[in-house]
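# Here you go, sequence then predicted model.
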Amino acid sequence: MLASDMITTDRLILRGWRDSDLEPWIALNADPEVMRFFPATQTADECRAMAARNQAHIDQHGFGLWAVERREDGAFLGFTGLTHLKDNNPMFPGVEAGWRLARQAWGQGYASEAAAASLRDGFGRLGLQRIVAFTAVPNLPSQAVMARIGMTRREDLDFDHPALPPGHRLERHLVWESRTG
Ligand SMILES: CC(C)(COP(=O)(O)OP(=O)(O)OC[C@H]1O[C@@H](n2cnc3c(N)ncnc32)[C@H](O)[C@@H]1OP(=O)(O)O)[C@@H](O)C(=O)NCCC(=O)NCCS
């Protein structure tokens, strides 16, 4: 595997995390609209910890949930990328694709552009065979990204998220998959 500091697309740079990302990252995660399909908004400390975990994954594996920067003006938009599944995930071991953008960055195709580039990087540079993505049933915008980038719906792999209590409104998760070739 070749090391990569970043992925570049027509309009975006997917890169490592910087201290200057933290302020917009904390604001993004405090926005109830952005976090409406998560159990809660996140505190500043939780945001700092997640940014550090994302960067540690990039340092260790050469890929991860990249900070997404708009090339036109250098604005930090959120994250997109690939990450190893946690060992409590029913599909562990494997690699999942994920995305989260600030509200002002929605509706412009940025998530799909960044996610498609991440999949290409995964199947190309990283030599992965399979990438999955999943989200809570009501998260239609995220499911639309999965469809837009050509992932295949895998109803047989749907699961109840182990981090959520039984009966939680976000417990059921729908799975999508892409494979090499
Ligand atoms: C999931 C999320 C990233 C999707 O954002 P999004 O803006 O809907 O998705 P995209 O960036 O791919 O943009 C697609 C939209 O831009 C429009 N668009 C405009 N210009 C476009 C272009 N050049 N290319 C593609 N789409 C374009 C599309 O028509 C589409 O609009 P629609 O939603 O009205 O159909 C966003 O809702 C989000 O951050 N949510 C909160 C976090 C979250 O839930 N993450 C997923 C957890 S699993």
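Done, it's in.

# Could you report the neighbour count for whatever residue of the chain ends up closest to the ligand?
Taking Cβ to the nearest ligand atom as the measure, the chain has G109 as its residue closest to the ligand, at 2.3 Å. The way it works is simple: take the backbone N, C-alpha and C, and place the C-beta from them, glycine included. Applying other Cβ atoms under 10 Å, we find 13 residues neighbouring G109.

# chain center to the lengthiest helix in the chain: distance?
When the chain is parsed with DSSP state H, its longest helix is helix 44-61. Offset of helix 44-61 from its chain centre (Cα atoms, centre = their mean, to the nearest Å): 13 Å.

# what helices or strands is the helix or strand just after it leaning on?
Reading on from helix 44-61 to the C-terminus, the next helix or strand found by DSSP states H and E is strand 65-70. Counting contacts by 3 or more Cβ pairs under 8 Å, 6 or more residues apart in numbering; DSSP states H and E, strand 65-70 packs against strand 12-15, helix 44-61, strand 76-84, helix 110-123.

# Pull out the buried residues from strand 65-70.
Buried residues in strand 65-70, counting neighbours by 16 or more other Cβ atoms under 10 Å, are found at 65-69.

# Residues in contact with that strand: which ones?
Identification of contacts with strand 65-70 by Cβ atoms under 8 Å, 6 or more residues apart in numbering yields 6-7, 11-18, 21, 25, 54, 57-58, 75-83, 98, 101, 105, 110, 114, 118.

# Just the buried ones from the residues you listed?
Applying 16+ other Cβ under 10 Å to the contacts of strand 65-70 flags 7, 11-15, 17, 21, 25, 54, 57-58, 76-83, 98, 101, 105, 110, 114, 118 as buried.

# next helix or strand past whichever strand or helix holds S142?
Element membership of S142 [criterion: DSSP H and E] is helix 140-148. Using DSSP H and E, the helix or strand that follows helix 140-148 in sequence is strand 152-153.

# Strand partners (parallel or antiparallel) of the following helix or strand past that following strand?
Sequence-wise, the next helix or strand downstream of strand 152-153 (DSSP H and E) is strand 159-160. Each strand that pairs with strand 159-160, with its direction, by DSSP bridges: strand 172-179 (antiparallel).
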